[in-house]
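Engineer: below is the sequence, then the predicted model.
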Amino acid sequence: MAANEMQVGGNHYMKHGKLQHWDVVRHFSLDYFQGQITKYVFRWRDKGGIQDLEKAKHYLDKYIEINQTPADTEETTLAVMSIWYDRMKSIQDSFVWEGSKEGLVMFTCKMCCEKVHAVNPIEAYIQHGDCKPKVSPDNN
Ligand SMILES: [Zn+2]
């Protein structure tokens, strides 16, 4: 006997003829969630009533949830944070803290030796900008 000629636990899938829900799933290559959602929507009048619609809704809520937050979101966040961290570290490493003088903190750019008053290396960088070291005529 072919699997479509019988049903375990009722006839709610068979009563509509030869086409069963699993045939629909297979034909449309539905994923697990799509299969569950359509299964409960298909059978609710013949089997579980409103509770089946609630189950379909539950699967749909989960389906929306997993598709709204793609798996790569965390990976992307970590990659962005890593780039940001490296940039901050490189800025921090490009200034030497010279201590405070008359209430002002002084940093020196390692590249061009320009002195900058700032509360921290990030502010020093903001004031100083990307360093373009002066090219000595000897290097030309
Ligand atoms: Zn500089």
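Structural biologist: That came through fine.

Engineer: how about the residues of the protein that lie near the ion?
Structural biologist: 109, 111, 112, 114, 131 (CB under 5 Å from the ion). (C-beta placed from N, C-alpha, C; glycine too.)

Engineer: make it 8 Å
Structural biologist: When proximity is defined by CB under 8 Å from the ion, the chain lies next to the ion at 94, 109, 110, 111, 112, 113, 114, 128, 131, 132, 133.

Engineer: give me the subset of those lying in strands.
Structural biologist: residue 109 (DSSP state E).

Engineer: going by distance to residue 27, which of the residues of the chain next to the ion wins?
Structural biologist: Closest to residue 27 out of those is residue 94 (61.5 Å), distances taken as CB to CB.

Engineer: pretty sure the closest one contacts residue 113?
Structural biologist: No. Contact criterion CB atoms under 8 Å: residue 94 and residue 113 do not qualify, at 11.6 Å.
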